[in-house]
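Asks: Would you be able to build a 3D model of this:
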Amino acid sequence: MVITAHSQPKPRTRPRAVVVGSGIGGLTAAVALHQRGWQVTVLERAAAVEAVGAGIGLAPNGHHALDVIGLGEEIRELAAWQGDGGMRSPGGRWLCRTNSSAAAERFGGPLVLVHRATLIDRIAARLPGGVLRTGSPATLTDPGVAGRRAAVVTTPDGDIEADLVVGADGVDSAMRRALFPDHPGPVYAGITTWRMVVPATVAAPFAPHETWGRGALWGSQPLLDGRIYAYAAAAVPAGGHSADGEKAELLRRFGDWHSPVPEIVAAAGPDEVLRHDVRHLVTPLPAFHRGRTALLGDAAHAMAPTLGQGGNQAIEDGIVLAHHLPDAGDVGTGLAAYSAERLPRTTGIVRKSARVTRLMSVRSAPGAALRDTLMTLAGFGPGLALRAFDGIADWLPPQRTYAAGAPDPQIRDHQAQR
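Replies: Alright, predicted model coming up:
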C-alpha cells in the first residue's frame, strides 16, 4: 500500500501556555509545563528579569517541589543550610533554640537560604532560549470561558492565543482583577518590612536568629558565600518613609539591639535597604482559575512573610499546576483539580501567617513579656518549636516521574517513613 503525502497523519501540535510574570512561581510553572511537553512563552513587563537584593528561605516543601523539575539538588548545593539557631529578645537572651537536625528529620529535609537572584537565574536557565520575553506587558483579553478553545493575551506585538494562561503577576495582579473583579483584593497586613544583604566582614560569626521586640522583629541569616541576609519588620502605619533614609530609620529602631544587629545595619549602603508595606489576601479567592486561565503565587494568595512561605507556596503552585495539566486535552478539569488542591492549603497558610504577624505586632510591655514567656516554654523539647510547621514544611509533591526519569529518592524515602 502506498501512503501519499496527503494521507500521512499530521504531526501533533504541542499545547501552548502563556505565563504572565517572571517571578519564582511563574518561572517554576513555565519549566514544569515545558517538561510536560507544553510550548511555553513567559511575558515579563520589566525590561529585564530582576530579583530584589534579598535572600529567600526554602523550607523542605519548597526544595522538594524543585526536585520535581530536577533543580532541588542544584539549589541545595548553592544554598546555606541553616544551622542551629533560635529566637532572641532585643537584649540577646535566647527565648528558644532550634535544632536543624531535628527539623530536617521531622520534615524530610533542611531549611536552606539562597539569594533570590541565584534561585531565579537557575530556574530561568531551565527554559529554552526565546521563551522569556522581557519588556512585554500583557493584558488578559479573553480568559477562555464558556468552552472556548483558547484564551487570549494582548501584547504590544499583538494577540497571543493559548490553551492555557498563567497569571503570575504578583500581589497587584491585573490578571486577578480581570478574573475576579468583585474581589476586594489585598489589604495592609499591619507591618512594614526592610531587607538587605551586607558583606560577611561586618560581624563575628553568629548563630542564625530571629529577634522579637515590642511590635518589631529582626532576622540575621548567613548566605553560602559569606554575606549576611538580614530582614526586619515593624508594626507601623502603611505608606510611611523616613525623611533621612531607611538606614537611618533602622538605626533608630534597632541600633540598641544585641549584636550583630547594629553592625549589620551600619554596614548597609544607604540605597541598599529595601522597604515594603506588606499586603495580603485575607479574603480568599473563590477559585484559582476561570476558563483557561490560572493564578499562582502572590496573585492567588499573597501572604505575610512571618512563616517564610510566600516563595515556597509559589513554587508548589507551579509544580501542582503542571501535574494536573499533562496536556491540553481537558484544561478545565485540570484547572479545577489545581484549584481544589491549592486553595484550601494556601488559605490556611495565609491565615496562619496573619496570626503570627499579629503575635509579632504586640506592642505593650505586658503583652510582649507574656509572648516571650510562651516562646521560652515552647523551646523546651525538640519538637515543640517545630509544630508550627507541621502540615506546611512536610508537604510532598504529587507522586509522578521526576525530571531525572525516576522518583526522587529523598522524597520516596520520606514518603515511606510517613
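Asks: measure G239 to A216 for me?
Replies: 18 Å (C-beta to C-beta, to the nearest Å). (Glycine included, C-beta is placed from N, CA and C.)
Asks: do V152 as well
Replies: 47 Å.
Asks: Let me know the next secondary structure element after the helix or strand containing V40.
Replies: Using DSSP states H and E, the element containing V40 is strand 39-43. Following strand 39-43 in sequence order, the next helix or strand is strand 55-58 (DSSP H and E).
Asks: Output the contacting helices and strands for that next one.
Replies: Contact partners of strand 55-58 among helices and strands, from 3 or more C-beta pairs under 8 Å, 6 or more residues apart in numbering; DSSP states H and E: strand 112-115, helix 116-124, helix 310-323.
Asks: okay, the angle between the last one and helix 116-124?
Replies: Angle between the axes of helix 310-323 and helix 116-124 is 10 degrees (criterion: axes from the mean of the first three to the mean of the last three C-alpha atoms, to 10 degrees).
Asks: show me where pLDDT drops low in this structure?
Replies: Within the chain, the stretches with pLDDT under 70 are 1-12, 51, 53, 203, 378-385, 400-418.
Asks: how about the helices in it?
Replies: In the chain, the helices defined using DSSP state H lie at 24-35, 60-68, 72-78, 100-107, 116-124, 174-179, 246-254, 261-267, 298-301, 310-323, 331-360, 365-378, 409-417.
Asks: Would you mind listing the outside residues contacting the third one?
Replies: Just to be clear, that refers to helix 72-78. 58, 63-67, 110, 112, 114, 118-119, 122, 224, 408 (C-beta atoms under 8 Å, 6 or more residues apart in numbering).
Asks: can you rerun that using 7 Å?
Replies: If you take C-beta atoms under 7 Å, 6 or more residues apart in numbering as the criterion, helix 72-78 is touched by L58, H63, H64, L66, V112, V114, T118, L119, R122, L224.
Asks: what's the spacing between it and its chain's center?
Replies: 17 Å (C-alpha atoms, centre = their mean, to the nearest Å).
Asks: May I see the buried residues of that helix?
Replies: G72, I75, R76, L78 (16 or more other C-beta atoms under 10 Å).
Asks: okay, those residues in TSV with distance to L27 next?
Replies: Converted to TSV, the buried residues of helix 72-78 look like this (distance: C-beta to C-beta, whole Å):
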residue	distance to L27
G72	15
I75	13
R76	18
L78	16
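Asks: now, which of these sits nearest S101?
Replies: The closest of the buried residues of helix 72-78 to S101 turns out to be R76 (C-beta to C-beta; 15.7 Å).
Asks: what's near enough to touch the residue nearest to the spatial centre of the chain?
Replies: Taking C-alpha atoms, centre = their mean, the centroid of the chain lies closest to G311, which sits 0.7 Å from it. Residues in contact with G311 (C-beta under 7 Å, 6+ apart) are I24, I56, G62.
Asks: Which one of G239 and A216 is surrounded by more residues?
Replies: A216 (21 against 8; other C-beta atoms under 10 Å).
Asks: separation between the more buried one and R45?
Replies: 34 Å.
Asks: Same question for V152.
Replies: Where R45 is concerned, V152 sits at a distance of 18 Å (C-beta to C-beta).
Asks: Between those two, which is the more surrounded one?
Replies: V152 (19 against 15).
Asks: what bridges to the more buried one?
Replies: D142, E161 (DSSP bridges).
Asks: Assess the claim that it and G158 are in contact.
Replies: No. Counting by C-beta atoms under 7 Å, V152 sits too far from G158 to count as a contact (10.4 Å).
Asks: just to revisit the earlier point, output the contacts of helix 72-78 in a markdown table, with distance to M175 and neighbour count appended to each entry.
Replies: Shown next, in a markdown table, are these (distance: C-beta to C-beta, whole Å; neighbours: other C-beta atoms under 10 Å):
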| residue | distance to M175 | neighbour count |
| --- | --- | --- |
| L58 | 25 | 28 |
| H63 | 27 | 24 |
| H64 | 27 | 27 |
| L66 | 24 | 27 |
| V112 | 30 | 22 |
| V114 | 27 | 21 |
| T118 | 27 | 18 |
| L119 | 23 | 25 |
| R122 | 25 | 16 |
| L224 | 35 | 15 |
